[in-house]
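Undergrad: based on what follows, work out the 3D shape:
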Amino acid sequence: MLLKNKILELLEKDSKISSQDISAILNEDINLIEKSICELEADKVICGYHTLINWEKTDNQNVSAIIELKVNPQKGHGFDKIAEKIYIFSEVESVYLMSGSYDLLVQLRKAPMREIANFVSSKLSVIDEVQATSTHVILKKYKDHGTLYVDDKNDKRQVITP
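TA: Residues are numbered from 1 along each chain as shown. Alright, predicted model coming up:
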């Protein structure tokens, strides 16, 4: 399992890394690497490969939103059935069970602000188990999945003179 964890760490940092490069980094046979990746995909440990896009560098005007939900868990099902009611919507990118003031965190796909507002008011807040929502619009991303979105070319060190 140690080898598979090392493979996962490399793929998590760069999903485009080749089996050949993984083999070289880990000093393992390429056939073993490819077999391990196939097993991880078959076991749904690797659930997909995604690309991070800095949408601020495009002309796309859509926004991303994160919604915190307070919900009443269902007897015998806890939060799972409520999460299922939410994640089936095409607008939903991610759903997380959370500790703290809110129970669920819902991330929506990028959309115009009006569509986000309509989704919250007409689809999300009308679910019986939903007690409260708190919607947050993402204004700017600085770092996502370990990737910096800001140019780090400027030296930000303070000049100290004697």
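Undergrad: give me the phi and psi for the residue nearest the centre of the chain.
TA: Nearest to the mean C-alpha position of the chain, by Cα atoms, centre = their mean, lies Ser94 at 6.5 Å. The phi/psi pair for Ser94 (degrees, to the nearest 10) reads phi -150, psi 150.
Undergrad: let the chain start at 20 from now.
TA: Taking 20 as the first residue, the last one we looked at is Ser113.
Undergrad: is it in contact with Arg128, as I believe?
TA: No - with contact defined as Cβ atoms under 8 Å, Ser113 does not reach Arg128; the gap is 9.5 Å. The C-beta positions use only the backbone N, C-alpha and C, and glycine is treated the same way.
Undergrad: quick revisit: OK, contacts around the residue nearest to the centre of the chain?
TA: 124-126 (Cβ atoms under 8 Å, 6 or more residues apart in numbering).
Undergrad: cutoff 7 Å now
TA: Counting by Cβ atoms under 7 Å, 6 or more residues apart in numbering, Ser113 touches Gln126.
Undergrad: cool, Leu123 as well?
TA: 88, 90, 98, 102, 105, 114-117.
Undergrad: out of those residues, who's the most crowded?
TA: When those are compared by neighbour count (other Cβ atoms under 10 Å), Leu88 ends up highest, at 26 neighbours.
Undergrad: over to the residue lying closest to that one once chain neighbours are set aside: give its phi and psi.
TA: Excluding the flanking residues, the one nearest Leu88 by Cβ to Cβ, 6 or more residues apart in numbering is Leu123, at 4.3 Å. When read as degrees, to the nearest 10, the backbone of Leu123 gives phi -120, psi 150.
Undergrad: so how far is Ser140 from Leu123?
TA: Leu123 sits 17 Å away from Ser140, going by Cβ to Cβ, to the nearest Å.
Undergrad: need the pLDDT of Arg171.
TA: Not quite, residue 171 is Asp, not Arg. Note on Asp171: pLDDT of 65.
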